[in-house]
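1. whatever this is, show me its structure:
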Amino acid sequence: MKIAVLGGGNGCFAAAADFTLAGHEVALWRRDAAAVAAHREAGSVIAVKDHRGRHEARIALVTTDMAEALADASLVLCPAPAFAQADIAALAAPHLKSGQVVFLPPGTFGSYVFAAAVRKAGNRADVAYAETGTLPWLARKHGPFEVAITVRAKRLPTGVMPLDMADEALAVLAEAFPGAIEPCGDVLSGALMNAGPIIHPPLIVMNAGPIEHFERWDIHKEGTQPAIRRVTDALDAERVAVREALGYGAPHFPLANHYAKDGEEWMYGRGSHDRLTDSGDWRETLVLTQHRYMLEDTRMGLSFLTSVARLVGVATPLADAFLAIGGAICGEDFRETGRTLGSLGLGDASLDEIRAILKEGPR
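-> Residues are numbered from 1 along each chain as shown. Next up is the predicted model:
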């Protein structure tokens, strides 16, 4: 099938290459005209390095033209950071057509951002939106047209909006991710599977000192110490409490399973954390106030979690604390600048009204 991949980051390159190697026709959209021109000049090839060796994927289309990228695509994949979703959604909104599936891995409720943008553009197409709990690839670009994939996801708990279109959307996603898609209900359930706002805020905030001190730092290796793991589990318990208050059942994909040597496998499967740290790809220079773990997962992810928690009356002291400390580090109030039900225009909506939107989509 034809798949449009929107963006030029690590996950976008991993997606475009993997889908191409699997036999799909891929259109890779980027807004950076110079990068697109250079990529075309280099033959539109992405080199993939993984445990099987090195492979070259020739992308069918690399373009800055959103309409061209989306034309005839069955699946539209946008693994861009949450803070980039609104701009990309506005560009895509006029061109999306009935029957297409927009997938945000992960989303931070970005599915609603896309759906609202489509309606704002006056587009009445019946589009399905889906999101899951993690990026399907642990990947790092090693050059302008090369990406290293350390781990591919094995389990992707996925929610769909409108919920009435779930069967059709999940069938498209299953073709792109064979054996990995696990339905988890609506897109709010999918949004509350997002692991980024759980694993990353403790890592970026509690390691702030060494991050600013050392020229290069592996936040997942040196940064994942027992004290931080205990905090991560407690923060994850707040996420699970919000899910349960909304009536979502297990499995909740607790982050502790990501690190466990036995028991139920997490999204990336057994041993993925060790493969991540052994790769060396996350030993890098980190700019504390500009890093995605701070600006996306802390500012946007935790502000969304605490916003939903307030709606259902669940206390989130750790999420509130990381929002406050992260905001202080960056010199802004993350509770005001992040993503909340209020900033999405849903601040006055009741839980029943939100559930109606999840079932039918925004009108």
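2. run a quick neighbour tally on the closest residue to residue 229 other than its chain neighbours.
-> Distances taken as Cβ to Cβ, 6 or more residues apart in numbering put residue 259 closest to residue 229, at 6.9 Å, once the chain neighbours are dropped. To be clear about C-beta, it is placed using only N, CA and C from the backbone, and glycine gets the same treatment. Residue 259 has 16 neighbours, counted by other Cβ atoms under 10 Å.
3. now residue 259: how far from residue 230?
-> In this view, residue 259 and residue 230 are 12 Å apart by Cβ to Cβ, to the nearest Å.
4. elements contacting the helix ranked longest in the chain?
-> Identified as the longest helix of the chain according to DSSP state H is helix 226-245. With contacts taken as 3 or more Cβ pairs under 8 Å, 6 or more residues apart in numbering; DSSP states H and E, helix 226-245 sits against helix 196-206, helix 256-259, helix 303-312, helix 317-330.
5. with distance to residue 239 and mean pLDDT as new columns, can those be given to me in CSV?
-> Formatted as CSV, these follow (distance: least, Cβ to Cβ, whole Å; pLDDT from 0 to 100):
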stretch, distance to residue 239, mean pLDDT
helix 196-206, 6, 96
helix 256-259, 12, 88
helix 303-312, 6, 98
helix 317-330, 8, 98
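6. return the most buried member of the ones you listed.
-> Ranked by mean neighbour count, these are led by helix 196-206 with a mean of 24 (mean count of other Cβ atoms under 10 Å).
7. the stretch 151-300 of the chain: helices as residue ranges?
-> Here the stretch 151-300 of the chain has its helices, by DSSP state H, counting those that start in this stretch, at 166-176, 187-191, 196-206, 208-213, 226-245, 256-259, 272-279, 292.
8. residue 9 contacts residue 88, doesn't it?
-> No - Residue 9 lies out of contact with residue 88 (Cβ atoms under 8 Å); the separation is 11.7 Å.
9. which residues are in contact with both of those two?
-> Listed as contacting both residue 9 and residue 88 by Cβ atoms under 8 Å, 6 or more residues apart in numbering are residue 80.
10. extract the residue ranges of this structure that are flagged as low pLDDT.
-> Filtered on pLDDT under 70, the chain yields the residue ranges 276, 278.
11. which residue is most remote from the mean position of it?
-> In the chain, the residue that sits farthest from the middle, by Cα atoms, centre = their mean, is residue 41; the gap is 30.0 Å.
12. could I get the helices of the stretch 151-300 of the chain as a markdown table with distance to residue 302?
-> Shown next, in a markdown table, are the helices of the stretch 151-300 of the chain (distance: least, Cβ to Cβ, whole Å):
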| stretch | distance to residue 302 |
| --- | --- |
| helix 166-176 | 27 |
| helix 187-191 | 13 |
| helix 196-206 | 5 |
| helix 208-213 | 16 |
| helix 226-245 | 9 |
| helix 256-259 | 18 |
| helix 272-279 | 22 |
| helix 292 | 14 |
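13. of all those helices, which one comes closest to residue 353?
-> Between residue 353 and the helices of the stretch 151-300 of the chain, the tightest spacing by Cβ to Cβ is seen for helix 187-191, at 12.6 Å.
14. show residues contacting the closest one.
-> Residues from elsewhere that reach helix 187-191 (Cβ under 8 Å, 6+ apart): 106-109, 111-112, 129-133, 157-161, 184, 243, 246, 248, 304, 308, 354, 358.
15. which ones are touching the closest residue to residue 10 other than its chain neighbours?
-> Leaving aside its chain neighbours, residue 10 sits nearest to residue 139 (4.8 Å; criterion: Cβ to Cβ, 6+ apart). Shown in contact with residue 139 (Cβ under 8 Å, 6+ apart): 10, 11, 13, 14, 147, 148, 149, 150.
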